[in-house]
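K.L.:
using only what follows, build the 3D model:
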Amino acid sequence: MAAFTVAAGTDWIDTIVLGSVNDRWRLDDYDIWLHVKKEGDDTILLDLTTANGRLVVADAPGRRLEINVGWSLIEAVEPGPFVFDILFENKTTEVRSRSGPHTLAISPGITFPEP
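P.N.:
So this is what the prediction gives:
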């Protein structure tokens, strides 16, 4: 499980490395989804996919997935703890797999630029 924190007024730019060093699978030929939700609630607060460009496969053999979400999308989500996992679907075989659970905290900002 990985834990991520985004401070109010900033973008969520992170990299997740999936699997272990000895794994041979790659991120080639996958559709990938990540839905941020409050634990126990099915409402999708942030919808991140490779199709909408908010998830980017940075290194397919190394299984590096980049999260690229601007503050304008995060701003509507109130501060608090959230959960997500990552769903993978192979475009060729349509086999699906899922990562373990991860957490995201959106914390209130302290310093903001002058208007």
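K.L.:
Gly70 - nearest residue in space that isn't next to it in sequence?
P.N.:
Asp11 (5.1 Å; C-beta to C-beta, 6 or more residues apart in numbering). (Each C-beta comes from the backbone N, C-alpha and C, glycine too.)
K.L.:
could you give the number of residues near the one you found?
P.N.:
By the criterion of other C-beta atoms under 10 Å, Asp11 has 14 neighbours.
K.L.:
ok, it - contacts?
P.N.:
Shown in contact with Asp11 (C-beta atoms under 8 Å, 6 or more residues apart in numbering): Asn68, Val69, Gly70, Trp71, Ile74.
K.L.:
this protein: strands as residue ranges?
P.N.:
Here the chain has its strands, by DSSP state E, at 3-7, 12-17, 30-36, 46-49, 55-59, 64-69, 80-84, 86-90, 96-98, 102-107.
K.L.:
would you list these in JSON lines and tack on mean pLDDT and distance to Asp23?
P.N.:
Listed next are the strands of the chain as JSON lines, based on pLDDT from 0 to 100; distance: least, C-beta to C-beta, whole Å:
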{"stretch": "strand 3-7", "mean pLDDT": "92", "distance to Asp23": "22"}
{"stretch": "strand 12-17", "mean pLDDT": "95", "distance to Asp23": "10"}
{"stretch": "strand 30-36", "mean pLDDT": "97", "distance to Asp23": "14"}
{"stretch": "strand 46-49", "mean pLDDT": "97", "distance to Asp23": "22"}
{"stretch": "strand 55-59", "mean pLDDT": "97", "distance to Asp23": "13"}
{"stretch": "strand 64-69", "mean pLDDT": "96", "distance to Asp23": "12"}
{"stretch": "strand 80-84", "mean pLDDT": "93", "distance to Asp23": "21"}
{"stretch": "strand 86-90", "mean pLDDT": "96", "distance to Asp23": "13"}
{"stretch": "strand 96-98", "mean pLDDT": "94", "distance to Asp23": "12"}
{"stretch": "strand 102-107", "mean pLDDT": "93", "distance to Asp23": "18"}
